[in-house]
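*Asks:* can you look at this prediction? I've put the sequence above it.
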Amino acid sequence: MHRYPSRSTARVAALAAALVAGLAVTACSSTREAAVAREDLATVAPKANPVGPPPPPAPPAPVMYAPQAMARSVVADASHWYRPPVPPANTENYADFDDNPVHRTSDQPVSTFSIDVDTGSYANVRRMLLDGVRPPADAVRAEEFINYFDHGHPAPTSREVPFRVSTELAPAPWNAGRQLLMIGIKGYDVPRADLPPANLVLLVDTSGSMHSADKLPLLKRAMGMLVRQLRPQDTISIVVYAGSAGLVLPPTAGNRQGEILAALEQLQAGGSTNGGAGIQLAYDMARQGYVEGGVNRILLATDGDFNVGTVDQGALETLVADQRRSGIALTTLGFGSGNYNDALAERLADLGNGNHAYIDSALEARRVLVEAMGSTLLTIASDVKIQVEFNPARVAEYRLVGYENRVLRNEDFANDKVDAGEIGAGHEVTALYEITPVGSDQARLPALRYGNDRPAATSSGEIAHLRLRYKQPGSDRSRLIETPILHSALRPQASDSLMFTAAVAGFADALRGGTHTDGWGWDGILAAARSTGREHNDSRHAEFIELVEQARLLVDHSDDPAGNRSAGAAAVSD
C-alpha cells in the first residue's frame, strides 16, 4: 500500500479518476468495453508522487475503443457540456403598415378601398400562437382575421348579380358611445359539378429550405387532397423550381390521378430558390393548356424564400402583374416557419388576381383546397371596390378596421384601369367601420380651433351611402351597385354575427397593441365571442376562443412591461 503526502491531493485524484471512469463506462457499449475503459483510465488518472519504494511499472496501455476515445475527447473539452445549440435565425418577412387613422367626416367624408378575401394572416398567426410564440404586429391583418370566418351574410337569389350586399349598424361593444357598421358581401355559390373546366398549374417550391415536415411533406399531402377533387375535364401540370425550374408533369387529365399523385410523391427538396424562373415556366404551361371560359390558375406553393435568379421583389411583382392580363390567375399558398416570406406571398397573390392562404395543417389544407374549392379556383367578380360616403350631419368620425394595404384614392373608384380584389364562388367578404355619431362625447379627434365642427342639420335619414363597383369575368367595364345606409337601421344591440366579428377585430387589435378598443381587453373579447354560443357547434369558433386564451397568456408573460408587443417584434406606430 502506497502512502500519499497529502490526503486532499489523493481525494482530488480519486475524484477525477472516478469522474473519467464514469464517463467512459457510460460511453462503452458492452461490459468488455467498460472493463477496458476502467483499466485504461487507471493509467491516466493523476496521482501525487508517493513516498517510499517506487511503484511497479505501469502495464501497457490497452487497445483504445471508439467509445473510450469519445469519453476522453469529451473530458478533454468539458466546455462542450455547457454550450447550448444555436437556433437558426428567424428571417420571416412581413410588410410594415400602420393602422388606419380616424377621419373627421367633415374633412374627409369618403372612404374607398379594394375588397380582400385572403385568410393567410389568421392561419399564420394561429401557427405562432400554438407554438407559444407571440406574433409580430405586422403579421396581424385584421381583415384577414375577420374574413377567415363565415358570418352568415345573405346570399344572392340569382346569378344576374354575382353577389349580394348587406349592412348592419349597432353600438360598439367596447364603447356604447360609438357604433359599428358591418358591410357584408356574399358571392353566389357554384356546385362543384357545375364548375367550368379547370386548367391548373401547381408551381411547387422544392428548394432546400422546403425540407422540413411543415413544408414539402405537408405541401404534397395538401396537393393530394386537391388532386382527388379533379374531374376528367380538368387538367393539371406540375412545375418545380429550386436552382432552376423544371417540368415534372405536363398537362394531364384529372381522371389520371395515379400518375399525378406519383409525380407529386417523387418531389424532393434541395438547392437554392429560383422563384422567378419557376413563375415564368408556370405561366408558359398555363398558356399552353389555356381553357377559354374555364378556370385558368397557377397555385404557387412556397415558403417565399426566393434567393437566386429574380430575387428583387419589385421585378417579381412586375412579372406577375404583366401576366394577369392574360386571364391566368395566381394563388399563393404559404408553408412553413423560420424563413416564411409573408410579404411577398401576399403581394404576388394581390397582383396576380388571386388569393393568399397559409397552410399550417392538413385541416387547413382541406378547408382551402376541398371545402372552399370553388371560391379558391373560380372568380365570379373581379376588381371589386367599395366606397362609403358618410353624412357629416350624422357621423362625426369614422375608422376603417383593417384593409390598410387595400386603401384606394377616391378617384380610383370609377377608374376601371385600377386593379382591385376578386371574389370567388361562394366567397364572403366582411368590412367593419367604427363610427362616432354627431353629438356623442366619445369623439377621438379634438375640436378644431378654426373650422366648422357643426355641419348644418339635415332631414336626411342616411348616415352613409354605399357604392360598390365590380367587373364580370372577362369584362373591361365595371358595374355599379348603390345602397343607402339609414339611421333607422340602428339596432339596440349587435346581432350574433356582428358581435363575433367585433370579437375577431378586437383580437387582431389586441395583438397589434390594443390601441383602438378603449381598453376592452381579453375578458371583453372572450365575453363577446362566447355570447354568441357558436363555439358549441362550430369548431372554428371554439378554436378562436382557445387562441384568445393562449394569446392572453403570452401577452401577460411578455417581457414588454406594457404588454403591447413581443420581444423582437416591430413597434406599432402611434
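*Replies:* Received it, and whenever you're ready, just let me know what you need.
*Asks:* and the nearest residue to residue 151 once chain neighbours are set aside, what element?
*Replies:* Nearest non-adjacent residue to residue 151, counting by CB to CB, 6 or more residues apart in numbering: residue 497, 4.8 Å away. From N, CA and C alone the C-beta is placed, and that goes for glycine too. According to DSSP states H and E, residue 497 maps onto helix 496-511.
*Asks:* elements contacting that helix?
*Replies:* In terms of contact count using 3 or more CB pairs under 8 Å, 6 or more residues apart in numbering; DSSP states H and E, helix 496-511 is assigned the packing partners helix 142-146, strand 163-172, strand 175-187, strand 428-437, helix 521-531, helix 539-556.
*Asks:* buried stuff in it?
*Replies:* Within helix 496-511, the residues scored as buried using 16 or more other CB atoms under 10 Å are 497-511.
*Asks:* OK, contacts around residue 102?
*Replies:* 397, 398, 399, 444, 445 (CB atoms under 8 Å, 6 or more residues apart in numbering).
*Asks:* what about the last one, distance to residue 108?
*Replies:* It refers to residue 445. Applying CB to CB, to the nearest Å, the value for residue 445 to residue 108 is 11 Å.
*Asks:* one more: the first one?
*Replies:* When distance is defined by CB to CB, residue 397 is 10 Å away from residue 108.
*Asks:* neighbour count: those two, which is higher?
*Replies:* More neighbours sit around residue 397 than around the other of residue 397 and residue 108, counting by other CB atoms under 10 Å; the figures are 22 against 13.
*Asks:* for that one, helix, strand, or coil?
*Replies:* Here residue 397 takes the strand state, with states given by DSSP: H, G, I helix; E, B strand; the rest coil.
*Asks:* per-residue confidence at the spatially closest residue to it that is not a sequence neighbour?
*Replies:* Taking CB to CB, 6+ apart as the measure, residue 397 lies nearest to residue 436, with 4.2 Å between them; neighbours along the chain are not counted. According to the model's per-residue confidence, residue 436 sits at a pLDDT of 98.
*Asks:* so how far is residue 158 from residue 436?
*Replies:* When CB to CB is applied, the distance between residue 436 and residue 158 equals 38 Å.
*Asks:* can you tell me the closest non-neighbouring residue to residue 360?
*Replies:* Beyond its immediate neighbours in the sequence, the residue positioned closest to residue 360 (CB to CB, 6+ apart) is residue 127, lying 4.1 Å away.
*Asks:* wait, the one you found touches residue 337, no?
*Replies:* Yes. With contacts counted by CB atoms under 8 Å, residue 127 reaches residue 337, the gap being 6.7 Å.
*Asks:* was I right about residue 179 contacting residue 434?
*Replies:* Yes. In this structure residue 179 lies within contact range of residue 434 using CB under 8 Å: 7.5 Å.
*Asks:* shared neighbours, those two?
*Replies:* With contacts taken as CB under 8 Å, 6+ apart, the residues that reach both residue 179 and residue 434 are residue 172.
*Asks:* thinking again about what came up before, more neighbours, residue 436 and residue 158?
*Replies:* Just comparing residue 436 and residue 158: by other CB under 10 Å the higher neighbour count belongs to residue 436, 24 against 8.
*Asks:* return the residues in contact with that one.
*Replies:* Contact analysis of residue 436 by CB under 8 Å, 6+ apart lists 177, 178, 179, 395, 396, 397, 398, 442, 443, 444.
*Asks:* hang on, the earlier thing: can you pick the most crowded of the contacts of residue 102?
*Replies:* residue 398 (24 neighbours).
*Asks:* which strand residues bridge that residue?
*Replies:* residue 103, residue 435 (DSSP bridges).
*Asks:* how near is it to residue 388?
*Replies:* Using CB to CB, one obtains 8 Å as the distance from residue 398 to residue 388.
*Asks:* rewinding a little: most tightly surrounded among the helices and strands packed on helix 496-511?
*Replies:* Highest mean neighbour count among these (mean count of other CB atoms under 10 Å): helix 142-146, with a mean of 26.
*Asks:* so what's residue 225 up against?
*Replies:* Counting by CB under 8 Å, 6+ apart, residue 225 makes contact with 362, 365, 366, 369, 370.
*Asks:* among those residues, find me the one that's closest to residue 147.
*Replies:* Nearest to residue 147 among the contacts of residue 225: residue 369, at 17.3 Å, using CB to CB.
*Asks:* mean confidence for the helix or strand that contains residue 469?
*Replies:* Assigned by DSSP H and E, residue 469 belongs to strand 462-471. In this model, strand 462-471 has an average pLDDT of 96.
*Asks:* which residues touch the next helix or strand after it?
*Replies:* Heading C-terminal from strand 462-471, the first helix or strand you meet, by DSSP H and E, is strand 479-486. Surrounding strand 479-486, the residues in contact under the criterion CB under 8 Å, 6+ apart are 161, 165, 167, 169, 181, 388, 461-472.
*Asks:* now do strand 479-486 and strand 175-187, the angle between them.
*Replies:* Put simply, strand 479-486 runs at 150 degrees to strand 175-187, going by axes from the mean of the first three to the mean of the last three CA atoms, to 10 degrees.
*Asks:* okay, strand 479-486 in PDB with CA atoms only?
*Replies:* Output in PDB follows, covering the C-alpha atoms of strand 479-486 (Å, rounded to 0.1, in the frame of the first residue of the first chain):
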ATOM      1  CA  ARG A 479     -70.900  47.800 -63.000                       C
ATOM      2  CA  LEU A 480     -72.200  49.900 -60.100                       C
ATOM      3  CA  ILE A 481     -74.300  49.000 -57.100                       C
ATOM      4  CA  GLU A 482     -75.600  51.600 -54.700                       C
ATOM      5  CA  THR A 483     -77.500  51.400 -51.500                       C
ATOM      6  CA  PRO A 484     -78.200  53.900 -48.700                       C
ATOM      7  CA  ILE A 485     -77.400  53.100 -45.000                       C
ATOM      8  CA  LEU A 486     -80.200  54.500 -42.900                       C
END
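*Asks:* can you pull the contacts of the residue most central in space within the chain?
*Replies:* The structure's the chain has its C-alpha centroid closest to residue 124; by CA atoms, centre = their mean the separation is 2.9 Å. Listed by CB under 8 Å, 6+ apart, the contact partners of residue 124 are 135, 139, 334, 340, 342, 358, 360.
*Asks:* with secondary structure added, can I get those in TSV?
*Replies:* Listed next are the contacts of residue 124 as TSV, based on three-state DSSP:
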residue	secondary structure
135	coil
139	helix
334	strand
340	coil
342	helix
358	strand
360	coil
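*Asks:* in CSV, list these along with distance to residue 379 and neighbour count.
*Replies:* As requested, the contacts of residue 124 are arranged in CSV below (distance: CB to CB, whole Å; neighbours: other CB atoms under 10 Å):
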residue, distance to residue 379, neighbour count
135, 30, 24
139, 27, 23
334, 20, 27
340, 26, 27
342, 23, 24
358, 20, 26
360, 25, 23
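*Asks:* shaky segments in the chain?
*Replies:* Judged against pLDDT under 70, the low-scoring parts of the chain cover residues 1-88, 243-244, 271-275, 305-313, 452-459, 558-574.
*Asks:* hmm, try it at 80
*Replies:* Per-residue confidence of the chain (counting by pLDDT under 80) places the weak regions at 1-89, 159, 242-245, 271-276, 304-316, 451-460, 536, 556-574.
*Asks:* higher neighbour count, residue 127 and residue 337?
*Replies:* Taking other CB under 10 Å, residue 127 and residue 337 do not tie; residue 127 has more neighbours (21 against 18).
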